[in-house]
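# what follows is a predicted protein model with its sequence.
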Amino acid sequence: MIRVFIADDHELVRFALRSLLEGEPDLELVGEAENGELAIERVLETTPDVLLLDMRMPGLGGAEVCSKVREECPDTRVLILTSYDDDEELFGVLAAGASGYLLKDAHPDNVAHAVRSVAEGQAVFDDAIAQRIIAGKKGAEVGAEAAALLKTLSEREMEVLRLMARGLSNKEIGRALWIGETTVKTHVSHILRKLEQGDRTQAVLTAVRLGIVSMSGE
């Protein structure tokens, strides 16, 4: 079971998310909070696998909550689910360690899939948000950095990185490439080292920002 905590100040949103989780046999709701301070307190108590976090709540903002949760509960992944798509807030929560960022008009099936993906260590962003990440750094600096990185990645590592960007787990990558899961883990480890990132989410975000891969895996 994937244990999920909801932090949102709107009762209607929490009700909708509760209903969504109750309809998924592998997702379990372990708690709720309607403000940032309470979210941190209860997340520390329940240590969920995934925190579904609204960006704007009374008290602490999303970036502050995300940063505190990631610091105190490093095994808890944070998925931002919000009505706002402000660039400053987007990059703020990414810097704070969020694993994904979805708008609240996302289809319920996409939200459930996103919860599962971030629980497995994947990065999840809708297409519009992914394009904003790419646009966060432009020009010759990106081109030079991307070219240098591409020289270090093997053809197989690029295949694995593209599938990571699509949100596939190690097992799914192994099936797609007809290689063992242990071999996939080795490739992922090499990719993280070459991209100088500590986890899959930040590695994918770096590769997307540099234009090496897209969130669609191309």
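Cool, the structure landed.
# how is the protein divided into domains?
Per automatic domain parsing, the structural domains of the chain span 2-119, 138-209.
# how far does the last one sit from its chain's centre?
Yep, that's domain 138-209 we're talking about. Chain-centre distance of domain 138-209: 15 Å, with C-alpha atoms, centre = their mean, to the nearest Å.
# give the next helix or strand downstream of the helix or strand Val184 falls within.
Per DSSP states H and E: Val184 is located in helix 181-195. Where DSSP H and E defines the elements, the next helix or strand beyond helix 181-195 is helix 200-209.
# mind giving me the packing neighbours of that following helix?
For helix 200-209, the packing partners by 3 or more C-beta pairs under 8 Å, 6 or more residues apart in numbering; DSSP states H and E come out as helix 127-134, helix 155-165, helix 181-195. No exception for glycine: its C-beta is placed from N, CA and C like everyone else's.
# that one to helix 181-195, inter-axis angle?
Relative orientation of helix 200-209 and helix 181-195, computed by axes from the mean of the first three to the mean of the last three C-alpha atoms, to 10 degrees: 60 degrees.
# mind listing what's buried in the helix holding Val184?
Using 16 or more other C-beta atoms under 10 Å as the test for burial, helix 181-195 gives Val184, His187, Val188, His190, Ile191, Leu192, Lys194, Leu195.
# now those in a markdown table, with pLDDT and distance to Leu103?
Shown next, in a markdown table, are those (pLDDT from 0 to 100; distance: C-beta to C-beta, whole Å):
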| residue | pLDDT | distance to Leu103 |
| --- | --- | --- |
| Val184 | 93 | 31 |
| His187 | 94 | 32 |
| Val188 | 93 | 29 |
| His190 | 94 | 34 |
| Ile191 | 93 | 29 |
| Leu192 | 91 | 28 |
| Lys194 | 90 | 32 |
| Leu195 | 89 | 27 |
